[in-house]
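> Sequence unavailable; structure follows:
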Ligand SMILES: C[S@@+](CC[C@H](N)C(=O)[O-])C[C@H]1O[C@@H](n2cnc3c(N)ncnc32)[C@H](O)[C@@H]1O
C-alpha cells in the first residue's frame, strides 16, 4: 500500500513528496528538533559514528534535505560530502545553512533522485540516508541504486523511523505520533497533510528484519540493525563486498 501526503490530489508519490517538502522546507528544521525534542540530532550523530573506522573520503548523503546528516558526516573528516534531494526548497534552505556555517567547500548539494542517481558505479566510500528511504516512491529501486554507486568494501548507513513494540512505549508513542505531532506540525508548517503523512508512512514502512531483508535482496551483505530510543528509530548498516 502506497501512502501519499495529499490523498485528494493527482500525482505519484515522488511528485507529492517533493511538493510537500517544498511546502514545509522553511519550517522543517525547527519542527524536526521541536517534535523530536532534539533527539534526531543524537540519532544522526550515533549513525555517523558507525563509519568512524572506515574513514570514508567521499560520502553520498541521499535525501539530504536541509543537509543535517551531511553536516554530521563531516565529523568523519571526509574530503567531500555530496548531498542529493528531489526538493529544491529543502536544498535551498540547506545551501543557506552551509553558507552561514562556512561549509560550502566541504558539502555540495545537488538536485537528484535516489532512484536515478547521476553517478557512475563504485564511486562513493559510504552512502548514507537519514529519514529519507521511507519517502522513496520505489524503495527497492532507490536502495539498489545506492548499492550501485557504493564502492566494494563500502558501507551504507540508514536511519529511519521504526515502530516501538513494547508496552508502554508503544502506546505512548502511538498517541503522541497520531494525535499530538500532526496538530503541532499543521499549525507551524501550515501544511495540512505533511505531519499526518509522517505517522501514516511510518506505519506501513518495513522495519527491523523486514527492512534488512530488502537491503539483502538488492545486494547488501552483513546487514545489521540497531534500535534507538525504545525502537522509535533504527539504524541499519549494510556492506557491499
Ligand atoms: C524527512 S526529510 C530528511 C532530510 C534529512 N536527511 C534529515 O535527516 O533531516 C526527507 C527528504 O527526502 C527527500 N526525498 C524523498 N524522496 C526522494 C528521492 N527519491 N530522491 C531524493 N530525495 C528524496 C525529500 O525531498 C526530503 O527532503
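In hand now; what should we look at? Everything numeric here is computed off the predicted structure, so don't read it as measured data.
> neighbouring contacts of the longest helix along the chain?
When the chain is parsed with DSSP state H, its longest helix is helix 13-35. With contact meaning C-beta atoms under 8 Å, 6 or more residues apart in numbering, helix 13-35 is reached by 2-6, 9, 11, 40-41, 65-66, 68, 85-90, 92-93, 97, 113, 115, 135, 137, 181, 184-185, 188-191, 193-195, 197. All C-beta spots, glycine's among them, are computed from the backbone N, C-alpha and C.
> does the ligand sit close to the longest strand seen in the chain?
Ranked by residue count and defined by DSSP state E, the top strand of the chain is strand 150-161. No - remark: strand 150-161 sits outside contact range of the ligand, by C-beta under 6 Å from any ligand atom, the gap being at least 7.2 Å.
> Give the partner strands of that strand in its sheet and their orientations.
Paired strands of strand 150-161, with direction, are strand 124-130 (parallel), strand 233-239 (antiparallel) (DSSP bridges).
> re the thing from before, could I have the buried ones of the contacts of helix 13-35 as PyMOL selection syntax?
In PyMOL, a selection of the buried entries from these looks like this (16 or more other C-beta atoms under 10 Å):
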select buried, resi 3+4+5+6+40+65+66+68+85+86+87+89+90+93+97+113+115+135+137+181+185+189+191+193+194+195+197
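> Among the contacts of helix 13-35, which ones lie close to the ligand?
65, 68, 85, 86, 87, 90, 113, 115, 135.
> quick one on the thing from earlier: what's the most buried one of the strands paired with strand 150-161?
Each of those was scored by mean neighbour count; the highest is strand 124-130, a mean of 26, by mean count of other C-beta atoms under 10 Å.
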